[in-house]
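Asks: Sharing a model that was predicted from the sequence below.
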Amino acid sequence: GTVVGFDTWKQAARRYREQLAEQGVTGFKDRAGRMWNMRTYTEMAARTTAMQAHLEGTANRLAEQGHDLIEISSHVGACKLCLPWENKVLSLTGKTPGYPTLEEAKAAGLFHVNCRHAYGLYIDLDKEIERLEAEARDTKEVGTAQTIQEIKDSIAEKGYIGEKDVYQAGEMLYNDLRGKREGLKKEIKRLEKEYKDSGIEEIENRLSKLRQARRSLVDLDEIGLSSRDELYLEYDKLMKSRFKIQSKVSEIQNKLRVVKEKYRGTSVDNAAELKEKLSEIREVGISSFDIDGHLNKSRSPMRKVVKEAYDYYPTDWVEKSVHTGNLTPKKAKRGHYNHYKEEIAVSGYSDDSYFSTAIHELGHRFEKTVPGLLEAEKKFYRKRTAGENLEWLGPGYRKDELTRKDKFINKYMGKDYGGTAYELVSMGFEYAYTNPTSLWQDEEYAKWIYGILFLY
């Protein structure tokens, strides 16, 4: 006669006990031969009934909302019937393939009398993320197309590419490319926090001080100890603590290393990603141009490298470079581009480094062949380095190689050639294609570089 939810299970148990007492029932024996007193029995019956009503209500609500998967709870001291089902994902109706059903779990003994387990909605996060990302992509693509058209209309109306146009276009690429790795960046922060919270750094720092004291390099009172017995006692205690958490710490370090590598990406993957993104906006690659002929059919192994690098740049840039004249590629100890000698020299120590250098030196080529590029570079350089004095680049460079360091992530980016050339485009392209996560540390520079690739 009690509606569960209006009375607590304890109130229901008391009322049930009173009703039985009025009928003269004070205890009984069940089929298994166990004796029950009325307090124990009524509390068990009320608690079980309340839990069953709660579970049925949960199942009904989930079904009404179109959900089918649930996750079973867990608690200390679970019985052998329930233990195999703890934290398991089940299907309410059986319509989701690959999961056992709720009825199968009940038949195996889950949710028995006095059972304290419950269940709640389970969401397949991977599938949900895929769905949300697909929706976000669809919405974003519409917004991106609209923004691109607005930028093009603005340029057409003015008759030139403005600084605002470059940053607006570059911001789109910057946010998109960076956003794709935001999840990895969050995971890096989470693992770094987990490593810090493990206490291993404090243990190692303290052990280092104790080792110095053991070798009499520091006095005991400097590290808060009064005797060597205290020293050895604390040292042994810390070593035990270190041993206890070492496997967990190593696991965190390995995960962190893997995630950081994924976040940075490889040169090849990073270049392919940028090329794919640019291809959504403009034509990219060497198309049908005779690049081998353009490179004088050189026998240098660098011909293949330069040709590959060309294929990542906007097609109309490639066309302008080809029509400007031929180039002779070669291998050198230090890469360079000589416009007057029509020579592009590539240096490196691996396939990745050769590719990075080729991307870089082609940037210098485009300074000379893409209209407006050098002027845009000069304007950005003057803005960023205003008030900066020229300084020698330092050891490893000639004395006449000078830079304005600004806050560039690499001092070479501020190198000045007396206004005839700069390193902003070449270094920026190199980082954008091969090492974007480092480029993103300078947000203004990154957006400018992406804007140049987008519009010029």
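Replies: Structure's in. What do you need?
Asks: I figured residue 367 was touching residue 425, is that so?
Replies: Yes - contact criterion C-beta atoms under 8 Å: residue 367 and residue 425 qualify, at 5.8 Å. Every residue, glycine included, has its C-beta placed from N, CA and C.
Asks: neighbour-wise, which of these two wins?
Replies: residue 425 (28 against 22; other C-beta atoms under 10 Å).
Asks: Now the more buried one. Nearest residue, chain neighbours left out?
Replies: Sequence neighbours aside, residue 363 is the residue nearest to residue 425 in space, at 4.7 Å (criterion: C-beta to C-beta, 6 or more residues apart in numbering).
Asks: Pull the contacting residues for the nearest residue to residue 291 once chain neighbours are set aside.
Replies: With C-beta to C-beta, 6+ apart as the criterion, residue 291 has its nearest non-adjacent residue at 4.8 Å, and that residue is residue 307. The contact partners of residue 307, taken as C-beta atoms under 8 Å, 6 or more residues apart in numbering, are 286, 291-292, 295.
Asks: how far away is residue 307 from residue 287?
Replies: 13 Å (C-beta to C-beta, to the nearest Å).
Asks: same check, this time on residue 321
Replies: Separation of residue 321 from residue 287 (C-beta to C-beta) stands at 12 Å.
Asks: tell me the phi and psi of the residue nearest the centre of the chain?
Replies: For the chain, residue 184 is the residue whose C-alpha lies nearest the centre (C-alpha atoms, centre = their mean; 1.4 Å). With angles defined as degrees, to the nearest 10, residue 184 sits at phi -70, psi -40.
Asks: what helix or strand does the closest residue to it other than its chain neighbours sit in?
Replies: The shortest distance from residue 184 to any non-neighbouring residue, by C-beta to C-beta, 6+ apart, is to residue 263 (4.2 Å). Assigned by DSSP states H and E, residue 263 belongs to helix 228-264.
Asks: next one: the helix or strand following that helix to chain centre, how far?
Replies: Next helix or strand after helix 228-264 toward the C-terminus (DSSP H and E): helix 267-279. On the basis of C-alpha atoms, centre = their mean, to the nearest Å, helix 267-279 sits 17 Å off its chain's mean C-alpha point.
Asks: same deal with stretch 71-86?
Replies: That offset, for stretch 71-86, works out to 35 Å (C-alpha atoms, centre = their mean).
Asks: Just the terminal-to-terminal distance for it.
Replies: 8 Å (C-alpha to C-alpha, to the nearest Å).
Asks: returning to what we had before: any common contacting residues for residue 367 and residue 425?
Replies: With C-beta under 8 Å, 6+ apart as the test, residue 367 and residue 425 both reach 373, 377.
Asks: Among residue 321 and residue 287, which residue is more densely surrounded?
Replies: Between residue 321 and residue 287, counted using other C-beta under 10 Å, residue 321 has the larger neighbour count: 22 against 12.
Asks: ok, the residue nearest to residue 184 to residue 201 distance?
Replies: 22 Å.
Asks: Of the two, which one has the most company?
Replies: Taking neighbours as other C-beta under 10 Å, residue 263 and residue 201 compare with residue 263 leading, 15 against 12.
Asks: So the more buried one sits against residue 185, correct?
Replies: Yes - in this structure, residue 263 is within contact of residue 185 by C-beta under 8 Å, at 6.2 Å.
Asks: one step back: what are the buried residues along the helix holding residue 263?
Replies: 231, 234-235, 238, 241-242, 249, 252, 255-256, 259-260, 264 (16 or more other C-beta atoms under 10 Å).
Asks: of those, closest to residue 76?
Replies: Closest approach to residue 76 among the buried residues of helix 228-264 (C-beta to C-beta): residue 241, at 25.5 Å.
Asks: how about the closest residue in space to the closest one that isn't next to it in sequence, what does it touch?
Replies: In space, and not counting its chain neighbours, residue 241 is closest to residue 203: 5.9 Å by C-beta to C-beta, 6+ apart. Listed by C-beta under 8 Å, 6+ apart, the contact set of residue 203 reads 238, 241-242, 245.
Asks: quick one: which of those is nearest residue 79?
Replies: Once C-beta to C-beta is applied, the member of these that ends up nearest residue 79 is residue 245, at 32.6 Å.
Asks: Would you quantify the distance from the closest one to residue 52?
Replies: 43 Å.
Asks: Leaving out sequence neighbours, find the closest residue to residue 230.
Replies: Take residue 230 and drop its neighbours on the chain: the residue closest to it by C-beta to C-beta, 6+ apart is residue 220, 7.7 Å away.
Asks: mind showing which ranges of the stretch 1-150 of the chain have poor pLDDT?
Replies: 1-18, 20-48, 50, 124-126, 128-144 (pLDDT under 70).
Asks: all helices for it, in order.
Replies: 9-22, 38-64, 102-107, 125-158 (DSSP state H, counting those that start in this stretch).
Asks: Mind listing what's buried along the third one?
Replies: Applying a neighbour-count criterion of 16+ other C-beta under 10 Å, one finds 102, 105 buried in helix 102-107.
Asks: helices or strands next to it in the packing?
Replies: Packed against helix 102-107, as judged by 3 or more C-beta pairs under 8 Å, 6 or more residues apart in numbering; DSSP states H and E, are the following elements: strand 89-91.
Asks: What lies in contact with the strand it packs on?
Replies: Taking C-beta under 8 Å, 6+ apart as the rule, strand 89-91 contacts 68-72, 99-102, 104-105, 119, 122.
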